[in-house]
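In: no sequence on this one, just coordinates:
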């Protein structure tokens, strides 16, 4: 059984496929800002269009340009891979060095084969391309593998890497026409998969990353990196309900930085922002997993200890207050303190988050009135 592949037809299909994929990307992102990652990916697709055009015209108009095409195709692959790795946040210095060495080795091999053994030019380019695709496949399948889409893209790059490796073996299998034809078929299948699924995958990954960023912005406070008020409330409600059903006590802490306005007035808002970040970091280090910590606005913060009784919550509040001593801002000591209002709800009882806030705010006000830098407990709470 023999396989016949009409190369001009395949090249035309690849050219048209890439052309319409570029149009699809441009149309999809027409309403969005054109960031560096997007421009890199589009540039790689445009380079591939130019390469396919060179291959289509090579036999009719241009002199033999196979070495140039091989180099350009490899360069386009490097650019596309960079875009994918940048998109998933894995473009590191180590990866950059890997691709520099790979590109230098590929250039040396191509020049060597052009000078001495021209028939291996495509094989060396295919082998280099296979090594090029191996790294993103490893990153997406082994290092990240956070989402099903990332794993699917990893498998796609693994298949393309194998297809390119198979194309590199075509020269070795030239004495076996059936095997060579199968390797050719596998190679073109991999290229078609990369063209369609790779482009679609990039757009889906881009959307996935955008959604993750929107989720982050909607969930966390931009300045301090902790939960914002809305997310804190949404996460606290089920924890309070669960604690009440299980007969477990829980405590709510309302924290407010002392004399924060004077910090802004004396040192400036930039220093004030650094104080807020330092405060969030210090308090966060004192908390355990499962304890909610959020910024309610300005210099006001809240903590939910959903399995803490009166003694545990008092000890935690005092530990948090004491953790602020020796704060260093802008390379110098800038002492600041916090006042904390605490309320504890006894086992089996349930109280709305709004009521917890009001009662702890009353305790916080009392702490402010009695000299600040202290912990006060709401009289309505008990263990």
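Out: Right, received. Where do you want to start? Since we're looking at a predicted model, the values are computed, not measured.
In: which stretches of the stretch 101-250 of the chain have low pLDDT?
Out: Within the stretch 101-250 of the chain, the stretches with pLDDT under 70 are 102-103, 105-125, 145, 170-188.
In: Show me where it has its strands.
Out: Applying DSSP state E, counting those that start in this stretch to the stretch 101-250 of the chain gives strands spanning 227-228, 250-257.
In: Check which helices and strands the shortest one is in contact with.
Out: Spelled out, it's strand 227-228. With contacts defined as 3 or more Cβ pairs under 8 Å, 6 or more residues apart in numbering; DSSP states H and E, the packing partners of strand 227-228 are helix 199-219, strand 292-297. (C-beta placed from N, C-alpha, C; glycine too.)
In: The last one too?
Out: Using 3+ Cβ pairs under 8 Å, 6+ apart as the contact criterion, the secondary-structure elements in contact with strand 250-257 are helix 229-245, helix 269-286, strand 300-305, helix 310-322, strand 338-345, helix 353-369.
In: want to throw those into TSV with mean neighbour count?
Out: Below are the helices and strands packed on strand 250-257 laid out as TSV (neighbours: other Cβ atoms under 10 Å):
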stretch	mean neighbour count
helix 229-245	16
helix 269-286	16
strand 300-305	24
helix 310-322	17
strand 338-345	26
helix 353-369	18
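In: one step back: mind giving me CSV with the helices and strands packed on strand 227-228 and columns for distance to residue 363 and mean neighbour count?
Out: Formatted as CSV, the helices and strands packed on strand 227-228 follow (distance: least, Cβ to Cβ, whole Å; neighbours: other Cβ atoms under 10 Å):
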stretch, distance to residue 363, mean neighbour count
helix 199-219, 28, 15
strand 292-297, 15, 19
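In: ok, back up a step: could you export the strands of the stretch 101-250 of the chain as CSV, including mean neighbour count and distance to residue 337?
Out: Compiled in CSV, the strands of the stretch 101-250 of the chain are given as follows (neighbours: other Cβ atoms under 10 Å; distance: least, Cβ to Cβ, whole Å):
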stretch, mean neighbour count, distance to residue 337
strand 227-228, 20, 23
strand 250-257, 25, 8
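In: Can you give me the domain assignment for the chain?
Out: Split into domains by automatic domain parsing, the chain comes to 7-219, 227-377.
In: Can you give me the distance of residue 343 to residue 297?
Out: 19 Å (Cβ to Cβ, to the nearest Å).
In: cool, and residue 82?
Out: For residue 82, the distance to residue 297 - Cβ to Cβ - is 41 Å.
In: and what of residue 80?
Out: 44 Å.
In: can you check residue 232 too?
Out: 11 Å.
In: quick one: contacts for residue 350?
Out: 240, 241, 244 (Cβ atoms under 8 Å, 6 or more residues apart in numbering).
In: Noted, bye for now.
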